[in-house]
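Visitor: give me coordinates for this.
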Amino acid sequence: MTDATTHIFRVSLRAKIYRDIEIPSDRSLYDLAEAIVRAYGFDLDHAFGFFPKLTGNIFDAEPRYELFADMGEGGDSLSVKKTTVAQAFPKVRKTMTFLFDYGDEWRFRVEVLALGERQPRKRYPGVVASVGKAPPQYPDLGDEDWAIYPAAVSLPVNAVARIVLIDGIQLAKLMIQHGVGCGIEEALHIKRVDEDFFE
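Guide: So this is what the prediction gives:
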């Protein structure tokens, strides 16, 4: 594959929500991630990865490419900054999951539609087709588009999930116990006399 080639991807959030993106084949997976996030109007403010598995537990699939590898925390993951698009997606129809934001788990299906040739004076990467309205990255619960929010719909059909409803008091206790959304206002220090000091 020469430096003059491009990859044309279909990046789908749902069947009727996708962006076709063209990017030079020698660009990094980090560049592809940035193009995907920008095409959906999101901010690149979370970690991400590319996984060869499309459903279920994608985290045990290999090879996987994660930003964590570039931060020295990736375990068996490979670098997104050192891996080119052509290395991770060597042929047409190669498909991976792009996971953006490990908390909210935005899962995009990324498939190579075709290979192209780089055109002079054309800016890359670029969106060559856009279908469907992109959901907001951080929707308001009153927003009618929030149903697309991954937390509301991303569980696979065969996933084993247990949802537990809790009240505000229990939520506050759990937040304090795990240090979420709170900080130490005042600390109490209890002193004891060291009896060995007087011997």
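
Visitor: can you give me the helices in this structure?
Guide: Using DSSP state H, the helices found in the chain span residues 29-39, 67-70, 85-88, 150-153, 168-178.

Visitor: can I get the last one in PDB, CA atoms only?
Guide: What follows is helix 168-178, C-alpha atoms only, in PDB (Å, rounded to 0.1, in the frame of the first residue of the first chain):
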ATOM      1  CA  GLY A 168     -31.000   9.500  47.400                       C
ATOM      2  CA  ILE A 169     -29.700   8.600  50.900                       C
ATOM      3  CA  GLN A 170     -28.200   5.300  49.700                       C
ATOM      4  CA  LEU A 171     -26.700   7.200  46.700                       C
ATOM      5  CA  ALA A 172     -25.100   9.800  49.000                       C
ATOM      6  CA  LYS A 173     -23.700   7.000  51.200                       C
ATOM      7  CA  LEU A 174     -22.100   5.200  48.300                       C
ATOM      8  CA  MET A 175     -20.700   8.500  46.900                       C
ATOM      9  CA  ILE A 176     -19.100   9.300  50.200                       C
ATOM     10  CA  GLN A 177     -17.800   5.700  50.600                       C
ATOM     11  CA  HIS A 178     -16.200   5.700  47.200                       C
END
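
Visitor: any idea how far it is from the chain center?
Guide: With CA atoms, centre = their mean, to the nearest Å as the basis, helix 168-178 stands 27 Å off its chain's centre.

Visitor: again with the second one
Guide: With CA atoms, centre = their mean as the basis, the distance from the averaged C-alpha position of helix 67-70 to the chain average is 12 Å.
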